[in-house]
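Quick check, what structure comes out for this input:
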Amino acid sequence: MQKDLSSKKMSMRTPPPSFVKLAMKNMVKKGNQSLLHFGLTAIGFIGLILFIAVLGRPTLPH
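Residues are numbered from 1 along each chain as shown. Purely as a prediction, here's the structure:
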């Protein structure tokens, strides 16, 4: 019975790891795959922003 109380107190003291910490641990574990996906996401996002900028460009009269 004493062990149950002490394990309960221990679990109450330490909060579960945050999503950011879990994501960082996973990113370090997977290494190059995470960097590749991050790079592709960054390139896609920049491409999307440039595409929207081209579409919204004002036309100036000559």
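
can you pull out the helices in this protein?
Ranges of helices in the chain, per DSSP state H, are 2-13, 19-30, 32-55.

a markdown table please, covering those and showing mean pLDDT and mean neighbour count.
Yep, even glycine has a C-beta here, placed from its N, CA and C like the rest. Shown next, in a markdown table, are the helices of the chain (pLDDT from 0 to 100; neighbours: other CB atoms under 10 Å):
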| stretch | mean pLDDT | mean neighbour count |
| --- | --- | --- |
| helix 2-13 | 58 | 8 |
| helix 19-30 | 86 | 11 |
| helix 32-55 | 94 | 10 |
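
Let's have these in JSON lines, adding distance to residue 61.
Formatted as JSON lines, those follow (distance: least, CB to CB, whole Å):
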{"stretch": "helix 2-13", "distance to residue 61": "70"}
{"stretch": "helix 19-30", "distance to residue 61": "50"}
{"stretch": "helix 32-55", "distance to residue 61": "19"}
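
Out of those, which gets nearest to residue 62?
Residue 62 sits nearest to helix 32-55 of all the helices of the chain, at 19.2 Å, using CB to CB.

Can I get that closest one as CSV, trimmed to CA atoms?
This file holds the C-alpha atoms of helix 32-55, laid out as CSV (Å, rounded to 0.1, in the frame of the first residue of the first chain):
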residue,chain,number,x,y,z
ASN,A,32,18.0,13.6,-41.9
GLN,A,33,14.4,12.7,-42.7
SER,A,34,13.2,15.5,-40.4
LEU,A,35,15.5,18.0,-42.0
LEU,A,36,14.4,16.9,-45.5
HIS,A,37,10.7,17.3,-44.5
PHE,A,38,11.4,20.7,-42.9
GLY,A,39,13.2,21.9,-46.0
LEU,A,40,10.5,20.8,-48.3
THR,A,41,7.9,22.5,-46.2
ALA,A,42,9.9,25.7,-46.1
ILE,A,43,10.4,25.7,-49.9
GLY,A,44,6.7,25.0,-50.4
PHE,A,45,5.6,27.7,-48.1
ILE,A,46,7.9,30.3,-49.7
GLY,A,47,6.6,29.1,-53.1
LEU,A,48,3.0,29.6,-52.0
ILE,A,49,3.8,33.1,-50.7
LEU,A,50,5.5,34.1,-54.0
PHE,A,51,2.6,32.6,-56.0
ILE,A,52,0.1,34.7,-54.0
ALA,A,53,2.3,37.8,-54.4
VAL,A,54,2.4,37.3,-58.2
LEU,A,55,-1.4,36.9,-58.4
